[in-house]
Structure formats: structure tokens, C-alpha cells
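Enquirer: Need the 3D shape of this:
(chains A, B, C and D)
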Protein chains: 2
Amino acid sequence: MQEGTAMSVSNTEVTIMENTAFVEVKKIQEIFELANATKNQLCPVRDIIARISDKWTLLSIYALGGYGTLRFNELKYKIGDVSQRMLTVTLRNLEADGLVKRTIYPEVPPRVEYQLTALGRSLVNQLTLLTDWATVNGEEIIKYRKLNLNK
Amino acid sequence: MQEGTAMSVSNTEVTIMENTAFVEVKKIQEIFELANATKNQLCPVRDIIARISDKWTLLSIYALGGYGTLRFNELKYKIGDVSQRMLTVTLRNLEADGLVKRTIYPEVPPRVEYQLTALGRSLVNQLTLLTDWATVNGEEIIKYRKLNLNK
DNA sequence: CGGGATCCACGAGGATACTG
DNA sequence: CAGTATCCTCGTGGATCCCG
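Expert: Here you go, the predicted model:
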């Protein structure tokens, strides 16, 4: 653990392997090494994560994942506190990324329906796992947070 | 569940079930209904997701997940383009949430080491799945994005 | 109804300088 | 080395009004 970094690294890896699959650790290291090689560009992954990690994006994907097809105002109502502008911007981005399909019905008054594409649906499955994690561990995090608030 | 949407909803659910497990869809719907009942508070989940979806938070967790134990500047170097201030803020938040452990060695010059807690490591496993998804589908998203750029 | 366009406030986050 | 403190910029995102 002191100055000989070679030994401490291998010790660290052993410790981590107790809780994280070794192959996963390797994968992460490769991503960072790739990022170093290409000078501060954490491959498209970073860009993708940044995009979907947006607050309204996440909620929009969830809503469409949970309810299938929604009109603009239905979606707005489901999310609750999103402004009309931000929902529009969010949906346009999702459409441009091929995650959401937008269908316009040339009626009066106009009707527009949104639904996830196959790509979008495959993402929901991943995000659901993350939500499960947050549901299970949320309380513990809140507990820590309040604990540190008193310091 | 509103006026005449009962039929279209069940049709929609059938369509979705082809690609998403029914139990997952139900879970999402319950979350949104809970959010409605409690007036615009998507339970702690939303708060947690918002917190970890921060750009530097995500990268810090990944770096610590991939390399185990890192000193402040090692971490800064791995991430690459994070400012020293934002890394400090990010690590303080992660520490307050119980995801990262901060160890100070009272030496001169001072040495501070960061590593994930068990809670943090369990999160890495979830995030890795998300990264896998981004790795597989990243190209397709970029493709769509460029396609729409020409419009 | 489902947006587009515009204006503006505010807070995240970068740059710089200093310190235990 | 690992921060803290201060200042300042710039983009996100809300409010408002208008349109097809």
C-alpha cells in the first residue's frame, strides 16, 4: 500500500474481484486507456451516456417505456413538472438519435404520437435495472446523506 | 385509464410485450402512478438517478471501479479534462452519499486515497451494463444523428 | 393541440490565485 | 499534494407569446 505501486495494484485488484467480476474491471480499464490514446475522448459511450442521463430524457424514455404510445400532452402530464419547451427539445433529440418515433396525424386539431423504437426499447431494459438498483439502495444513500448533513 | 383510451392502452401493452418484459412495464407504470399520488415526486429513485447521472460523477465512479484505489491527481489524470474544483465537489458528494470512501494519510506532502465502498461497487456493476449497451448501440445512434443533421 | 421563437434568470462549472 | 476561495462566463431551462 506504500510506495511500491506494482504490488499495491495487484492487491487492489484482488480486493475488487471479491465484489466485481474481473472481466468488468478489465473492460473499464480498456475504456479509459482508449480514452487516453485518443486524447480525452471517452469514445462514443461517454457522449451517449451524457445524452441519456439528462433528467427529462430519462423520464421521457421511462414514460414511453411504461405506457407505449403517448400524445404530447399525455407525456407532459405523466412527467408532471416538465415545461413544454424542454419536453419538445428532449423529444426532438430522442428522435434524432433514433430512440423515439414521432407520428404526425394530419388532422384538425393536430395529433402527434410518440413511441419508442426498438432501439429505445432495448435501452429501457437497461435503465430498468438501474432503477431497480436505486430502489433497493436509495434508502441507504439517503441515510448517509442525512448523516453527513449533521457534520 | 382516462376517457376512451382503455382499448388503445391494452393494444399498446400487447405490442410492447413483444420486446419488453411485462413485469418491467408494470413496474414503470407503478413508479409514475406513485409519482402522481405524491404530487411530482418521482420517489427517491429520481433523485438518485439525477445525482449519479452527472457527467463527472459517472466518470469518477467508473475510474474508481476500474482501478480500485486512486489518489486525487491519479483520478484527475484518468478522467482527463475535469477541473480540480469539479472533481473535488464530485468526490465530496459521492462521499456524502456513501458511495466513495476517502482516506487521508497525515503525511507531508499530504496523501489522500479514494475508493468505492461496497455500495459504490454494486452500482458499478449496473453502470457497466449501461456502458455495454452504449458500446453496442452507439454506432447506430451516431448514424441516426448524422442522418438527421442533413435534414 | 402541438408546437416555434424569443427573452432572460440563474446556477453549474471553468480559470486563477492562494494555503495547510 | 490536495485542496479552498473568489470571480466570472456561458449554457440550461423556465416563462411568455404567437402560429398552423
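
Enquirer: Just the angle for the longest helix seen in chain A relative to helix B:118-149, thanks.
Expert: Counting by DSSP state H, the longest helix found in chain A is helix A:118-149. Orientation note: helix A:118-149 sits at an angle of 140 degrees relative to helix B:118-149 (axes from the mean of the first three to the mean of the last three Cα atoms, to 10 degrees).

Enquirer: by contact count, what packs against helix A:118-149?
Expert: Counting contacts by 3 or more Cβ pairs under 8 Å, 6 or more residues apart in numbering or on different chains; DSSP states H and E, helix A:118-149 packs against helix A:55-67, helix B:22-37, helix B:43-52, helix B:84-96, helix B:118-149. Every C-beta, even on glycine, is put in place using the N, C-alpha and C of the backbone.

Enquirer: Off-centre distance for the first one?
Expert: So that's helix A:55-67. Put simply, helix A:55-67 sits 11 Å off its chain's centre (Cα atoms, centre = their mean, to the nearest Å).

Enquirer: what mean pLDDT does the helix or strand following it have?
Expert: Next in sequence after helix A:55-67, counting helices and strands by DSSP states H and E, comes strand A:69-71. In this model, strand A:69-71 has a mean pLDDT of 97.

Enquirer: could you check whether strand A:69-71 is close to DNA strand D?
Expert: No: for strand A:69-71, no contact with DNA strand D is found by Cβ under 7 Å from any atom of the strand; the gap never falls below 12.8 Å.

Enquirer: List the contacts of that strand.
Expert: Residues from elsewhere that reach strand A:69-71 (Cβ atoms under 8 Å, 6 or more residues apart in numbering or on different chains): A:63-64, A:78, A:111-115, B:8, B:12.

Enquirer: Give me the buried stretch members for that strand, please.
Expert: A:69-70 (16 or more other Cβ atoms under 10 Å in any protein chain shown).

Enquirer: Now look at it and say if it contacts DNA strand C.
Expert: Yes: against DNA strand C, strand A:69-71 shows contacts by Cβ under 7 Å from any atom of the strand at residue A:71.

Enquirer: Buried subset of the contacts of strand A:69-71 as a ChimeraX selection?
Expert: The ChimeraX selection below is limited to those of those classed as buried (16+ other Cβ under 10 Å):
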select /A:63,64,78,113,114,115 /B:12
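
Enquirer: Show me where chain A dips below the pLDDT cut-off.
Expert: Within chain A, the stretches with pLDDT under 70 are A:1-20, A:39-44, A:150-151.

Enquirer: okay, which residue is most central for it?
Expert: Residue closest to the average C-alpha location in chain A (Cα atoms, centre = their mean): residue A:53, at 4.3 Å.

Enquirer: So is stretch A:25-37 next to chain B?
Expert: Yes: using Cβ under 8 Å from any Cβ of the partner chain as the criterion, contacts between stretch A:25-37 and chain B involve A:25, A:27-29, A:31-32, A:35-36.
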